[in-house]
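Asker: Sequence below, structure please.
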Amino acid sequence: MLLTILATISMLAPTLNTDGTELTDLDSIRLYLANGEQVREQVGVEPGAEVSFTYPVSLILQRKCFYATAVDQDGNESVPSNTACTTRWRCYKCHE
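Answerer: Presented below is the predicted three-dimensional model:
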């Protein structure tokens with residue numbers, strides 16, 4: 001039996017375009033695994049809003065890395081954010 005938890009990835013949606021102007025046409029935030037596979041999308045995001053995603057991760061076998069992109073109302077996608085990774089968990093007293 002594999003023990004699985006839900007990793008929570010939280011961030012603040014961007015408020016500025018890359019040229020420093022106010023972001024007014026944000027549509028969604030996409031979450032990707034580091035290998036480029038899109039795993040989640042939250043639509044209707046307001047600039048500056050907190051965005052949270054959950055993703056199942058094995059407690060013992062997996063270390064998952066994620067990045068996010070912002071998408072505007074025309075479907076243009078930003079460059080990827082910094083990558084964030086889960087840590088490996090050690091299971092103490094799992095079989096009590």
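Asker: bridging residues for residue 33?
Answerer: On the basis of DSSP bridges, residue 33 is bridged to residue 66.
Asker: if I look at it, how far off is residue 63?
Answerer: Look at residue 33 and residue 63: by Cβ to Cβ, to the nearest Å, they are 11 Å apart. No exception for glycine: its C-beta is placed from N, CA and C like everyone else's.
Asker: Which residue of these two possesses the greater neighbour count?
Answerer: residue 33 (15 against 12; other Cβ atoms under 10 Å).
Asker: residues touching the more buried one, list them.
Answerer: 39, 64, 65, 66 (Cβ atoms under 8 Å, 6 or more residues apart in numbering).
Asker: Below-threshold pLDDT in the chain: ranges please.
Answerer: Scanning the chain for pLDDT under 70 picks out the ranges 1-2, 59-62, 87-96.
Asker: ok, now with 50
Answerer: 92-96 (pLDDT under 50).
Asker: Quick check, central residue of it?
Answerer: Taking Cα atoms, centre = their mean, the centroid of the chain lies closest to residue 31, which sits 4.1 Å from it.
Asker: Please name the spatially closest residue to that residue (chain neighbours excluded).
Answerer: Nearest non-adjacent residue to residue 31, counting by Cβ to Cβ, 6 or more residues apart in numbering: residue 40, 4.1 Å away.
Asker: Break down the chain into its strands, ranges please.
Answerer: 4-12, 26-33, 38-43, 50-58, 65-72, 84-85 (DSSP state E).
Asker: Would you list the strands that the shortest one pairs with, along with their directions?
Answerer: By that I understand strand 84-85. Strand 84-85 has the following strand partners under DSSP bridges: strand 65-72 (antiparallel).
Asker: and if you look at the first one?
Answerer: The sheet places strand 4-12 alongside strand 50-58 (antiparallel), with pairing taken from DSSP bridges.
Asker: Now do the strand it pairs with: distance to the chain's middle.
Answerer: With Cα atoms, centre = their mean, to the nearest Å as the basis, strand 50-58 stands 7 Å off its chain's centre.
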